[in-house]
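Build me a model:
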Amino acid sequence: MGKLMKDELFEAQLVRAIGYAPYGGADAGECLATAGQVTGTSLDSWHDAWMATATRLYGQAEASASAGQVTSARSGFFRAANYFRTAGLFAMGVPADPRLAQAHRREVDSFRRGAAMLAVPPEIVQIPYEGSFLPGYHFRAAADAAPRATMILVTGYDGTAEELYFANGAAALERGYNVLAFDGPGQGAMLIDRRVPLRPDWENVITPVVDYLLARPDTDPQRIVLTGLSLGGYLAPRAATAEHRLAACISDCGPYDVSDALSRRLPGFLARQLPDGNATLLRLLNRLVHAVMNKPTAGWAMRRNLMAHGLTDPLNYFKIAPQYSLKGLEDRISCPTFVCSAENDDLSADASKLYDALTCPKRYYQFTSAEGAGEHCEGTARTLFHQHAFDWLGQVLNAAAQGRTRAAVP
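Numbers count the residues shown, from 1 in each chain. Alright, predicted model coming up:
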């Protein structure tokens, strides 16, 4: 595919925004026009361009709502929500840029106004968690409260519960699944509003989520599915190593081992010193990383990572990265698991190794550039990802149901 922007990071995030068009989160023309207003690698220019587009659409959606045009209003609010998120994305960092909180507040407001106009509006929920709660949304596939298969959605480093609706939620609802989207530690509102950092032991996050679902009469307890994308592609299978009430797990372009993924981006002689090697070389690495962090787009990923983990020193990030690994835990996953990678995505380059090490029923697929799906999390081909993942999931759940039926026959 031809490049739409000169800067690699801006290109990736433009593609991410456009990719939600099939599910009502974007219009390609709006995104391309907005990208055309961005100057060079200016993060201020990026923020201002996307904020202007989102604000304009929000106003138009309000006008449609006032005129009783529900479909137009919902569409405008949803697209504005995605663009508000996109505007604030590069404000992530340490110290936090106040524009991040502002953009997130507007994203949440716009999304909720649009979601309230769905045929079956979601519940805004608070999932009990360690003396507090995880904020999220519970969507029902139909207005009745019949127990249904339910998909739990997990995002990655810089995603939000609102974005998850466009990434996976709408596709699941179309196929008759109930959906629970939430912000976990280090994500969305938990990070931006409450400064709760990421944690590697995601089983201690998902178990309270499953407890919450099992207390709902509209959940089929035999058909709870967990799916994660990007870093969530690590978090979801990590949770499945200890939470065994899941019917299936989907890992979309997740890292097998975060430390390995980081090491591939470093000169070999420095990577070999991690996490506690030669002090002189580690000081050199620290200087190099700080130099990169001062660059607008090239340094953003590390600035974001430090914020998500509640850190200020990049060397401390390298030290905790090995905790985010599935090595040695693979045989603890018992539910059927779908693992995928994208051809040009270095984060999921080792996904096939995770697949090979799994001992549960499993499926692997690598999405390719020839399919238009070769980038991280299949950003330009979410519908293709959903076809593969949900077709596999349907087979898994149907087979399990048939097995239960046979077992029940005397």
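
domains of this protein?
As given by automatic domain parsing, the domain ranges for the chain are 1-117, 122-257+324-410, 260-322.

what's the least confident stretch among those domains?
Among the domains of the chain, domain 260-322 carries the lowest mean pLDDT, at a mean of 92.

Now tell me what touches the host helix or strand of Gly59 from outside.
Using DSSP states H and E, Gly59 falls within helix 43-66. By CB atoms under 8 Å, 6 or more residues apart in numbering, the residues outside helix 43-66 that reach it are 10, 30, 33-35, 37-39, 70, 72-77, 79-81, 83-84, 86-88, 90-91, 99, 103, 106, 110, 113-114, 117, 296-297, 300. In short, each C-beta sits where N, CA and C put it, glycine included.

following it, which helix or strand comes up?
Scanning forward in sequence from helix 43-66 by DSSP H and E, the next helix or strand is helix 70-88.

For Val209, give me phi and psi.
Backbone torsions of Val209, given as degrees, to the nearest 10, read phi -70, psi -40.

how close does it sit to Phe133?
The gap separating Val209 from Phe133 is 11 Å, by CB to CB, to the nearest Å.

Now which of the contacts of helix 43-66 would you call buried?
Neighbour counting by 16 or more other CB atoms under 10 Å classes 10, 30, 34-35, 38, 72-77, 79-81, 83-84, 86-88, 90-91, 99, 103, 106, 110, 113-114, 117, 296-297, 300 among these as buried.

would you say Phe269 is within a strand?
No - assessed with DSSP: H, G, I helix; E, B strand; the rest coil, Phe269 is helix; it does not lie in a strand.

Now it. Nearest residue, chain neighbours left out?
Leu281 (7.1 Å; CB to CB, 6 or more residues apart in numbering).

Ok, Gly394 next?
Excluding its sequence neighbours, the residue lying closest to Gly394 (CB to CB, 6+ apart) is Arg175, at 7.8 Å.

Quick check on the residue nearest to Phe269: phi, psi?
Residue torsions, per degrees, to the nearest 10, at Leu281 are phi -70, psi -30.

same check, this time on Ile127
Main-chain dihedrals, Ile127, degrees, to the nearest 10: phi -90, psi 120.

Report the beta-bridge partner residues of it.
Leu134 (DSSP bridges).

tell me the contacts of it?
So, once contact is read as CB under 8 Å, 6+ apart, Ile127 ends up touching Phe133, Leu134, Pro135, Gly136, Phe182, Pro208, Val209, Tyr212.

got the angle between the strand or helix carrying Ala17 and helix 70-88?
Using DSSP H and E, Ala17 sits within helix 8-18. Per axes from the mean of the first three to the mean of the last three CA atoms, to 10 degrees, the angle that helix 8-18 makes with helix 70-88 is 160 degrees.

Helix 8-18 vs helix 43-66, what angle?
Using the same axes, to 10 degrees: helix 8-18 against helix 43-66 is 10 degrees.

In this protein, spot the helix with the most residues.
Ranked by number of residues, the top helix in the chain under DSSP state H is helix 382-408.

That helix packs against which elements?
When contacts are defined as 3 or more CB pairs under 8 Å, 6 or more residues apart in numbering; DSSP states H and E, helix 382-408 sits against helix 170-174, strand 219-229, strand 248-252, strand 337-342, strand 362-367.

Residues touching the helix or strand just after the second one, excluding its own?
Proceeding C-terminally, strand 219-229 gives way to helix 232-240 as the next helix or strand, assigned by DSSP H and E. In this structure, residues lying in contact with helix 232-240 by CB under 8 Å, 6+ apart are 154-156, 159, 184, 200-203, 205-207, 226-228, 246, 249-256, 258, 324, 326, 329, 333-335, 337, 339, 348, 351, 354.

Mind checking which of these are buried?
By 16+ other CB under 10 Å, the contacts of helix 232-240 give 154-156, 159, 184, 200, 202-203, 205-207, 226-228, 246, 249-256, 258, 324, 326, 329, 333, 335, 337, 339, 348, 351, 354 as buried.

Take those and keep only those in strands.
Val154, Leu226, Thr227, Gly228, Cys249, Ile250, Ser251, Asp252, Thr337, Val339 (DSSP state E).

which ones are touching the last one?
If I follow you right, that is Val339. Pro237, Ser251, Ala351, Ser352, Leu354, Tyr355, Leu358, Lys362, Arg363, Tyr364, Tyr365.

again, only this time at 10 Å
Contact partners of Val339, counting by CB atoms under 10 Å, 6 or more residues apart in numbering, are 233, 237, 249-254, 256, 348, 351-356, 358, 362-366.

how far away is the residue positioned nearest the centre of the chain from Val205?
Centroid check for the chain by CA atoms, centre = their mean gives Thr155 as the closest residue, at 2.5 Å. Thr155 is 12 Å from Val205, where distance means CB to CB.

burial count for the residue nearest to Phe269?
For Leu281, the neighbour count with other CB atoms under 10 Å is 15.

Format the contacts of Ile127 as TSV; extra columns: neighbour count.
Below are these laid out as TSV (neighbours: other CB atoms under 10 Å):
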residue	neighbour count
Phe133	15
Leu134	25
Pro135	22
Gly136	26
Phe182	28
Pro208	16
Val209	24
Tyr212	22
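
Closest one to Cys377 out of those residues, please.
Closest approach to Cys377 among those (CB to CB): Phe182, at 18.5 Å.

can you pull up the bridge partners for the closest one?
Counting by DSSP bridges, the residues bridging with Phe182 are Gly136.

in the helix holding Ala17, what counts as buried?
Here helix 8-18 shows Leu9, Phe10, Glu11, Gln13, Leu14, Val15, Arg16, Ala17, Ile18 as buried, counting by 16+ other CB under 10 Å.

residue contacts, the second one?
In this structure, Phe10 makes contact with 3-4, 35, 38, 40-43, 45-46, 90, 296-297, judged by CB under 10 Å, 6+ apart.

Can you convert these into CSV and add a column each for distance to Thr380?
Formatted as CSV, the contacts of Phe10 follow (distance: CB to CB, whole Å):
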residue, distance to Thr380
Lys3, 12
Leu4, 10
Ala35, 14
Val38, 19
Gly40, 24
Thr41, 22
Ser42, 25
Leu43, 23
Ser45, 24
Trp46, 20
Phe90, 21
Pro296, 24
Thr297, 20
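
so which of the residues you listed comes closest to Ala26?
The nearest one, if we look at the contacts of Phe10 relative to Ala26 and count by CB to CB, is Ala35, at 11.7 Å.

which non-adjacent residue is nearest that closest one?
Leu14 (5.0 Å).
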